[in-house]
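Q: Sequence plus predicted model, see below.
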Amino acid sequence: MGNRYQNRIELLQGTLDLLILQTLQWGPQHGYGISQAIRLGSGEVLQVETGSLYPALHRLERERWIESEWKLSDNSQRVKEYRLTPTGKKQLAAERSRWELLVQAIAGVLKPAGN
């Protein structure tokens, strides 16, 4: 791996779900668009590989947090477009709360009070 990959971060299990749900809150998107939004939104630090993205999308669909339908893209290719469901919006709120708690907990360990 070259130098450009050294700052990339492997996503914790569950973190990818949060990022996908957040991305879909902005509107329906196909898989490649989701991975691009995450990559660009993270300043190219987070790279979601196809082997991680599609199993996560299928898992989120089974949970009924997202739904999909086949559409024709601008260049007449068939693409599967994903959208957030009402249940997914509730899950996103719960996942964001859990994320905030995790960030605070890690910050507390990294910088204990009084130090």
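A: Cool, the structure landed. Numbers count the residues shown, from 1 in each chain.
Q: What segments of this protein are helices?
A: Remark: helices of the chain, listed N- to C-terminal, are 15-25, 31-41, 50-62, 86-110; assignment by DSSP state H.
Q: Of these, which stretch is the most buried?
A: For the helices of the chain, average neighbour numbers computed from mean count of other CB atoms under 10 Å are highest in helix 15-25, which has a mean of 20. Where C-beta positions appear, they are placed from N, C-alpha and C, glycine not excepted.
Q: Which elements pack onto that one?
A: Counting contacts by 3 or more CB pairs under 8 Å, 6 or more residues apart in numbering; DSSP states H and E, helix 15-25 packs against helix 31-41, helix 50-62, strand 66-72, strand 78-84, helix 86-110.
Q: Same list, those, but as JSON lines with distance to residue 14 please.
A: Compiled in JSON lines, those are given as follows (distance: least, CB to CB, whole Å):
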{"stretch": "helix 31-41", "distance to residue 14": "15"}
{"stretch": "helix 50-62", "distance to residue 14": "10"}
{"stretch": "strand 66-72", "distance to residue 14": "15"}
{"stretch": "strand 78-84", "distance to residue 14": "17"}
{"stretch": "helix 86-110", "distance to residue 14": "8"}
